[in-house]
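Q: Need coordinates for the following:
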Amino acid sequence: QVQLEESGGGLVQAGESLRLSCAASGRTLSLYAMGWFRQAPGKEREFVAAINWNGDNTYYADSVKDRFTISRDSAKNTVFLQMNSLKPEDTAVYYCNAVLRATMTDPLFGHWGQGTQVTVSS
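A: Alright, predicted model coming up:
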């Protein structure tokens with residue numbers, strides 16, 4: 001099965017930027033639509049952004065639209081999330097997963113990686 005490994009998180013101040021990476025092993029991601037999700041303390045995991053298989057279409061949660069950008073590099077089997085103008089409410093553990101093509105907001109794989117912690121201080 002495909003293994004997903006997220007990286008790039010950290011502690012930043014409000015207004016700063018981070019770039020998250022999701023590297024896959026065990027299977028190519030090139031045929032999958034991919035997405036990013038996050039889970040804040042005490043809250044359910046939520047959809048953040050998604051990108052279709054060839055990168056032509058992207059989708060965002062309203063809370064991150066115009067601040068976050070999802071992209072992918074098929075040659076590197078990697079998906080990225082550029083996060084700009086970060087806010088304290090963006091603090092969460094961020095995960096990547098394939099997404100259902102029918103919705104582009106629901107995870108496809110039943111397993112998750114370790115995630116990467118993003119903490120934004122005010």
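
Q: Could you give the average pLDDT over stretch 3-12?
A: Computed over stretch 3-12, the mean pLDDT rounds to 97.

Q: Check the separation of the first and last residues in it.
A: Using C-alpha to C-alpha, to the nearest Å, the end-to-end distance of stretch 3-12 comes out at 28 Å.

Q: Could you do stretch 82-90 as well?
A: End-to-end span of stretch 82-90 (C-alpha to C-alpha): 13 Å.

Q: Name the nearest residue to the residue positioned nearest the centre of the chain, sequence neighbours excluded.
A: The centre of the chain sits closest to residue 36, judged by C-alpha atoms, centre = their mean, with a distance of 2.4 Å. Leaving aside its chain neighbours, residue 36 sits nearest to residue 48 (4.4 Å; criterion: C-beta to C-beta, 6 or more residues apart in numbering). Just so you know, the C-beta spots here come from the backbone N, C-alpha and C atoms, and that holds for glycine as well.

Q: what residues are up against residue 4?
A: 22-24, 95-97, 109, 112-113 (C-beta atoms under 8 Å, 6 or more residues apart in numbering).
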